[in-house]
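S.K.: the amino acid sequence is not available; the structure is as follows:
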């Protein structure tokens, strides 16, 4: 009788809850200036990037996460030209943004150069060469400081950060003050979209707080979500905008825009997918609307 | 420093994948004639019923599972009077069916009397007295044999069975032959709805096979799904009908029907929830449509 | 392919170390006034008693633990008549003491009446009727208070307590002050023996501290140990005496005494076993002798 | 609150038993021609070598394993000159053998060159330069074939192999036929010593079978054991000889020989340690003597 696998990645989401993934191979394991990094090959979901003990994306389903993060905002905007990414280390966000032919420039600001270099080396299928694309610039510095000192205006800004764990690099990029800085750098019809925490109703306070906090700055804030298999959970995102509303876009209009832009290679996103992402069950809508917490620099959000 | 919990329920979904739930209390642990049963209190999701090592429902989110299984079909039907349940041990399906005032009779046929008795004793909040409701009859016998010998006709038949594991009681209730027997006992405008396996795209073959198999008998077959936190996965259901199509029902019409029937206590289901359940991301639609497997008595489906 | 077991007892001995035991059945799970109690059937070691998350004894190998605790001291003493047990809930210590025909009376003082009742009900093979033996008395009160107020003198006193965990009932029964109280209640040639913590050299500080603390009161203190399979570790004991030394007893003399006392049913203990228990590898001897800690009421010992 | 470690090595010893070690770092993970290899840093026991999912040795306590394997046989022999090692990849066996000044030559035959190279690179503290010692030769070939074709005679032969798992390289080096080949290459007063499986009485059949099999060839066969913390179990060894008996050596004589040979740096082994290793509890002696199995080429032994 064959013994069970002996190498496991156990992702604890709570002291009493965990997900176990058998590991085929540990490709990299180290600490950067900002976070611990592991790159592993799992038997079930292929290669995975893990930061501070949490799966960021997996070979098998990173297209779900990255299309979900990028495509709604890009499609909502009638002609996104100047796009910024805060974080986004794997480079798959660049790949998704570059599908839109109106894009003239993408600036990625990710503080952790080492993670980006590791992703280029170990996860080249994520970025598919996007880091070398002539429309792309990458800076390794604090995105908040960069935005405070910039005078540039963007059509869309994506925020693709790991969850704000204690001691991690990201917690000051989830606050009211940061969102105001972002809003100041958007065009008058600008949009931001971000990964926004677990949609598990038992732990949705984090997502709800992010949405409440966005609403201190943006007139339109919409939650959306999709199930990410390698996360073992439905994951939340948020889009916030000055005047476009993703819930006004019909599936038909989305499919039409994608066709006009000649975007045919998407595996996850289309008009019906958009509808599925932006429709929430009743208990989720209620849970989000019940929450009142505002995240601020002096009252930051920290995840288990 | 406090030591971690020491009692764990580890649900393996694959040799290389598992979910860990810390257990506060083991209330019951035994074997019936048909399956092993555990009733546990978990720290995170409260009381859970486990059959053959798989969570069937949890106190915290059983309303999601049971409303998702029952309410779409009940609402689709303009006036469900005679309803049958195959399986459904916890009794929460009865609770959901009885919300509809047109219902005159519900027959539940669950082969495992012992499980039903355990649910009455340990999970009374699930059934909320439904087992004693005057409109309800419960039989403990093989549902397939019952239906083969019956001449009754039903408006809606629900199939709420554990997954077909090797040695378990349910595998002959997932086949083409069984679905034909069910169809023969439905009214001309009858509907069936069933739990239909994981919606994780990495394991969706089971769901796809169930839908393919239903399509050998029913002209309309619709997949739908929702995230069940205690399952750590998006879970699939299917509705199959002779002439009603759940995708034709607008959110507005659903909310109107629920209001007309004075159904106000639902926590999960309403018009927008219906929309979210019946909209699938592109990769799911493709995965389901790619699969061709038909389940038959002599080629049954068995789950890990 | 058969799925792995789903019920597990995971005994953490350190934040980075744990032992996993698959559970067949949870027989009892509750909290007494003093501690949490589980009685489980494991696939590998049979029935187990677990207090505050730590295995106390297992059906498969309790004879090792209990003979190791009781038989050296009983055999060292030329004619033990009056014996006391502090703790000892399962009753197996009584069974072992009663093998010696010179015994006239055994007093067991275990504060937790509920644990003793549970052991009588679920672990009758441990005590084999000893609780009802005419030579045995059982009191349920604080053993320290009892000894302080007593004028009785004992030939041998056994201390069979769970490890001193934070919030547990036992931590004031591991201190210098307590050992002095015990010594005062021993005859001039009296002996005490106790379970004394893990012998894993990586965690032997607890055992060493117990021995150092005993040495503040007793002229002769001897560590000994044996491997307990269900503990997954070599476990330490200590014997302390006013004038007998277990290392002076030859295997031959031990076998002779056991024969004279007509003790033939032991599965673990005999002369060669005694030798194996009281011989330590060099690194263990050095680790124990390096440690200087004394446990006192105001500097108690607490285990992870 | 700090989340638990997320990288774990889980060593299953049975479908229902496992040991969990938190991993700090994965240094190497790969497959050689013969076996899978992992080199990890654990939080508790430091660096570990893992072959086919089983810990071979750990930084914290490899001295216990390697002194236990090597020193009894080397000390028993009055003047070991020509020594052979079958297996022994880490090189710590060489280090231990070279402590004895009479040694003129050590030949190590380990089939897996890659493992040896990995050990040199990642575990240099194990061999402490022994691979480069002028008295040492290393061959990478099948040890059985080597011995069959050799005419050399050895004073001591050590067999330091991983357990015989299905598909692993070692199973034909645990048989009656192999032991006869070894015996033929020993001097008239030669000795062999080997690691010989778990001493857990619940799984001692493997050890007992090895001893029974040795006894088909050697007049003197002695089991011995010591607790290895990183194995979470007492581990068995065996020594077999043509005329020397380790149980005849007194602790005093052992300490005298070590002193004469000016061996002062041992951390584990000395006279009392020898006594502790070669004294077994009664249930172990009985379990070993009960077993009758002989391992042969056509009835090999395979471990879970």
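M.R.: Noted; the coordinates are in hand. The model shown is predicted, which means the values in this text are computed figures rather than measured ones.
S.K.: domains of chain A?
M.R.: A:8-57, A:62-290 (automatic domain parsing).
S.K.: show me where chain A has its helices.
M.R.: For chain A, the helices defined by DSSP state H occupy A:62-76, A:92-97, A:113-122, A:124-127, A:143-149, A:176-184, A:205-215, A:251-260, A:271-278, A:282-290.
S.K.: mind putting those into JSON lines with mean neighbour count?
M.R.: In this view, the C-beta of every residue, glycine as well, is placed from N, C-alpha and C. Putting the helices of chain A into JSON lines (neighbours: other C-beta atoms under 10 Å in any protein chain shown) gives the following:
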{"stretch": "helix A:62-76", "mean neighbour count": "25"}
{"stretch": "helix A:92-97", "mean neighbour count": "25"}
{"stretch": "helix A:113-122", "mean neighbour count": "18"}
{"stretch": "helix A:124-127", "mean neighbour count": "18"}
{"stretch": "helix A:143-149", "mean neighbour count": "16"}
{"stretch": "helix A:176-184", "mean neighbour count": "18"}
{"stretch": "helix A:205-215", "mean neighbour count": "22"}
{"stretch": "helix A:251-260", "mean neighbour count": "15"}
{"stretch": "helix A:271-278", "mean neighbour count": "23"}
{"stretch": "helix A:282-290", "mean neighbour count": "17"}
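S.K.: let me have the ones you listed in JSON lines, extended by mean pLDDT and distance to residue D:112.
M.R.: Rendered in JSON lines, the data for these read as follows (pLDDT from 0 to 100; distance: least, C-beta to C-beta, whole Å):
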{"stretch": "helix A:62-76", "mean pLDDT": "98", "distance to residue D:112": "37"}
{"stretch": "helix A:92-97", "mean pLDDT": "98", "distance to residue D:112": "39"}
{"stretch": "helix A:113-122", "mean pLDDT": "97", "distance to residue D:112": "27"}
{"stretch": "helix A:124-127", "mean pLDDT": "97", "distance to residue D:112": "32"}
{"stretch": "helix A:143-149", "mean pLDDT": "96", "distance to residue D:112": "49"}
{"stretch": "helix A:176-184", "mean pLDDT": "97", "distance to residue D:112": "54"}
{"stretch": "helix A:205-215", "mean pLDDT": "95", "distance to residue D:112": "49"}
{"stretch": "helix A:251-260", "mean pLDDT": "98", "distance to residue D:112": "55"}
{"stretch": "helix A:271-278", "mean pLDDT": "97", "distance to residue D:112": "51"}
{"stretch": "helix A:282-290", "mean pLDDT": "95", "distance to residue D:112": "55"}
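S.K.: which one, of those, ends up nearest to chain B?
M.R.: Chain B lies closest, by C-beta to the nearest C-beta, to one member of the helices of chain A: helix A:271-278, at 3.5 Å.
S.K.: what does that closest one contact?
M.R.: Helix A:271-278 has contacts (C-beta atoms under 8 Å, 6 or more residues apart in numbering or on different chains) with A:68, A:72, A:75, A:222, A:224-226, A:237, A:246-247, A:249-255, A:258, B:275-276, B:279-282, B:285.
S.K.: first to last residue in stretch A:99-107, what's the distance?
M.R.: Distance between the boundary residues of stretch A:99-107 (C-alpha to C-alpha, to the nearest Å) amounts to 15 Å.
S.K.: what are the buried residues along that stretch?
M.R.: A:99, A:100, A:103, A:106, A:107 (16 or more other C-beta atoms under 10 Å in any protein chain shown).
S.K.: tell me which residue in the stretch 1-150 of chain A sits closest to chain D.
M.R.: For the stretch 1-150 of chain A, the residue closest to chain D is residue A:26, as judged by C-beta to the nearest C-beta, at 3.2 Å.
S.K.: okay if I get the domains of chain A as JSON lines plus distance to residue B:206?
M.R.: Shown next, in JSON lines, are these (distance: least, C-beta to C-beta, whole Å):
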{"stretch": "domain A:8-57", "distance to residue B:206": "16"}
{"stretch": "domain A:62-290", "distance to residue B:206": "14"}
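S.K.: relative to residue C:148, which of the ones you listed is closest?
M.R.: With C-beta to C-beta, the closest approach to residue C:148 among the domains of chain A belongs to domain A:8-57: 40.3 Å.
S.K.: does chain B have contacts with the closest one?
M.R.: Yes. Against chain B, domain A:8-57 shows contacts by C-beta under 8 Å from any C-beta of the partner chain at A:10, A:14-22, A:42-45.
S.K.: what does stretch A:238-246 give?
M.R.: No. On the criterion C-beta under 8 Å from any C-beta, stretch A:238-246 is out of touch with chain B, staying 13.9 Å away.
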